[in-house]
Structures are given as C-alpha cells and as structure tokens.
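Trainee: The amino acid sequence is not available; the structure is as follows:
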C-alpha cells in the first residue's frame, strides 16, 4: 500500500525550533506563510484551495505555531480567529485530496498542533498552566520542570478478507445511508495494537481473525488520532453486527463492489483517508 505522503518535503525544523529567536526571525521573514484552523478543525481556504497569508505583527509563541520548513520557507499555523476573517474554510476530507503530498503534510500537522494546544494548555500531572516552546511542538510545565508533548490517540483500521479474498465493508448508523468503509476503533488502555484489532472486529462483526499483518499508518487529527492499518483473514463469514454503532456489513468481491459504486448503491471513503488507500490497494489486488 502506498505510504502516507512518501514524497513530502516538510522539514519539522527540530534543531532550529529550540531557539525562540530563530523561530521569531522566521515569523518575520517576508517569505514565510501562515494559515488558520477554526474550532471545527476546518482550514482557511478559497475556492477549495488552501488560503494562507504572510505573517504580520509581532511573533507570539502561544498564538503562532511553527509547522516547519518547505524548501527553506517557514509555514506557521494559528487559530483562524487570530488571523482576522471571517474566513471561508474547508475540511481536511475536502482539502487534502487537492493538495500535493508536501502541503497535505503541512496542513494535517497544522490542524494537529492547533487541536492539541486548544485542549491541553494545562499540565496533565499538576494542572498548572504550561508555556509554549519550540515553536509550538512542546509545552513546558514550570511547576513539574518537565516538557509536555502532543498526545496521540492510536486507532486501528482493518481490511478483513475472507478465504475467497472478499472484503468486509460496513455501514455506521450515523453516516449517510450509502456510505461504507472498513472497520476501525481506538486502542484501549493496556492493549497492544494486535489485541485492539481482534477485540474491535469481534465487537463489531463477531468475526475471529487470523494472519494479521500491518500495512501502514496515517495521522488523522480529529482531534489527535494516529490510524494504524492492518489486513487480516476472517475465520468463517457469519457476520453479526452490534446494531448500535454498525448497522450492517457484508463481504464484497471486487466485481460486486465496482457495480455497487457505479450504481450509487455504496459510497466509499474519501481519497485522503487511509481507509480509501487500503480499499484501493485491495481493489488493485495489492493487499494480501
């Protein structure tokens, strides 16, 4: 399966960002750019494309977060309200498919940083208000004298195949009526990724799995997930969904899925998601 943004040119500037003066200098550089993220995690845009502006005013570490460098040009992100507005915005689902790999990497990282600072200004250990450092990639707790880093919530997403190489697709109750995808869920406390895969698939479909194999990952900052993709074989084909989260599920051959997509019977995940990349790999016969 094609990995997430393998050709990205984003340099997260790990060495430079520890110097506050260097970060401030990059903010003031005439070639630097900044974009905004609003409270819904949508990104400033114009006509479906990323909208950015040149930084203005003094650099404020708590407001202006350094995503990194692209071919020497600094990219910053901020809350959309900080940049003025009102702004037109677009979701990552709509925006990332039209961006090249580097800018998709920039935008997803920017959304993840804004979401982290929005929900975690205080130290998780002592509750003290923390200080933004390293261009927004670290928060420092003066009381504990320790850095605090962005939290990432791991989630597993699984292509379940039967012995005939059919793919299991399912529909969640909260989705539009024809939308389907592969099964996914968050890793619980104390679980390994493999344990989470077996538990989630059993809970949502009652299937038992064998031949579990890791296939790839993708950041998904809603608000701070890391999606870890797997492929596995099902023992048997008797599906019993929970009826609460998952409304129905079934195995598809490639021909059946092609016909269902063409007729509008089902809609697949957007191309920016790891679910789409996994399903695409299976449709191409590249997922085993």
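Mentor: Sure, I can see it. Owing to the predicted nature of the structure, the values given are computational and were not obtained by experimental measurement. Numbers count the residues shown, from 1 in each chain.
Trainee: Which residue ranges of this protein form helices?
Mentor: 20-28, 92-95, 101-119, 193-205, 254-263, 274-283 (DSSP state H).
Trainee: Return the member of those having the minimum mean pLDDT.
Mentor: Looking at these, the lowest mean pLDDT belongs to helix 92-95 (a mean of 91).
Trainee: That helix - contacts with which helices or strands?
Mentor: If you count contacts as 3 or more C-beta pairs under 8 Å, 6 or more residues apart in numbering; DSSP states H and E, helix 92-95 packs onto strand 43-46, helix 101-119. (C-beta placed from N, C-alpha, C; glycine too.)
Trainee: try 6 Å
Mentor: If you count contacts as 3 or more C-beta pairs under 6 Å, 6 or more residues apart in numbering; DSSP states H and E, helix 92-95 packs onto no helix or strand.
Trainee: That helix: which residues count as buried?
Mentor: 92, 95 (16 or more other C-beta atoms under 10 Å).
Trainee: got a list of contacts for that helix?
Mentor: 43, 270, 272 (C-beta atoms under 6 Å, 6 or more residues apart in numbering).
Trainee: Single out whichever of those has the smallest pLDDT.
Mentor: Lowest confidence among the contacts of helix 92-95: residue 272, with 85.
Trainee: right, and that residue touches residue 97 too?
Mentor: Yes: contact status for residue 272 versus residue 97: in contact at 4.9 Å, counting by C-beta atoms under 6 Å.
Trainee: Those two: which is more packed in?
Mentor: residue 272 (21 against 14; other C-beta atoms under 10 Å).
Trainee: low-scoring stretches of this structure, by residue?
Mentor: In the predicted model of the chain, no residue satisfies pLDDT under 70.
Trainee: Spatially central residue in it, please.
Mentor: residue 220 (1.0 Å; C-alpha atoms, centre = their mean).
Trainee: Without its sequence neighbours, what residue ends up closest to that residue?
Mentor: Nearest residue to residue 220, sequence neighbours excluded (C-beta to C-beta, 6 or more residues apart in numbering): residue 227, at 5.0 Å.
Trainee: Which residue ranges of the stretch 1-150 of the chain form strands?
Mentor: Along the stretch 1-150 of the chain, counting by DSSP state E, counting those that start in this stretch, strands occupy 10-11, 33-37, 43-46, 49-50, 65-70, 73-79, 89-90, 131-133, 138-141, 146-148.
Trainee: now these as JSON lines including distance to residue 258 and mean neighbour count?
Mentor: Below are the strands of the stretch 1-150 of the chain laid out as JSON lines (distance: least, C-beta to C-beta, whole Å; neighbours: other C-beta atoms under 10 Å):
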{"stretch": "strand 10-11", "distance to residue 258": "35", "mean neighbour count": "18"}
{"stretch": "strand 33-37", "distance to residue 258": "37", "mean neighbour count": "23"}
{"stretch": "strand 43-46", "distance to residue 258": "32", "mean neighbour count": "21"}
{"stretch": "strand 49-50", "distance to residue 258": "31", "mean neighbour count": "16"}
{"stretch": "strand 65-70", "distance to residue 258": "38", "mean neighbour count": "23"}
{"stretch": "strand 73-79", "distance to residue 258": "39", "mean neighbour count": "22"}
{"stretch": "strand 89-90", "distance to residue 258": "29", "mean neighbour count": "20"}
{"stretch": "strand 131-133", "distance to residue 258": "50", "mean neighbour count": "17"}
{"stretch": "strand 138-141", "distance to residue 258": "48", "mean neighbour count": "18"}
{"stretch": "strand 146-148", "distance to residue 258": "48", "mean neighbour count": "16"}
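Trainee: Can I get those strands in JSON lines including distance to residue 245?
Mentor: Below are the strands of the stretch 1-150 of the chain laid out as JSON lines (distance: least, C-beta to C-beta, whole Å):
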{"stretch": "strand 10-11", "distance to residue 245": "35"}
{"stretch": "strand 33-37", "distance to residue 245": "28"}
{"stretch": "strand 43-46", "distance to residue 245": "28"}
{"stretch": "strand 49-50", "distance to residue 245": "33"}
{"stretch": "strand 65-70", "distance to residue 245": "34"}
{"stretch": "strand 73-79", "distance to residue 245": "32"}
{"stretch": "strand 89-90", "distance to residue 245": "28"}
{"stretch": "strand 131-133", "distance to residue 245": "37"}
{"stretch": "strand 138-141", "distance to residue 245": "34"}
{"stretch": "strand 146-148", "distance to residue 245": "32"}
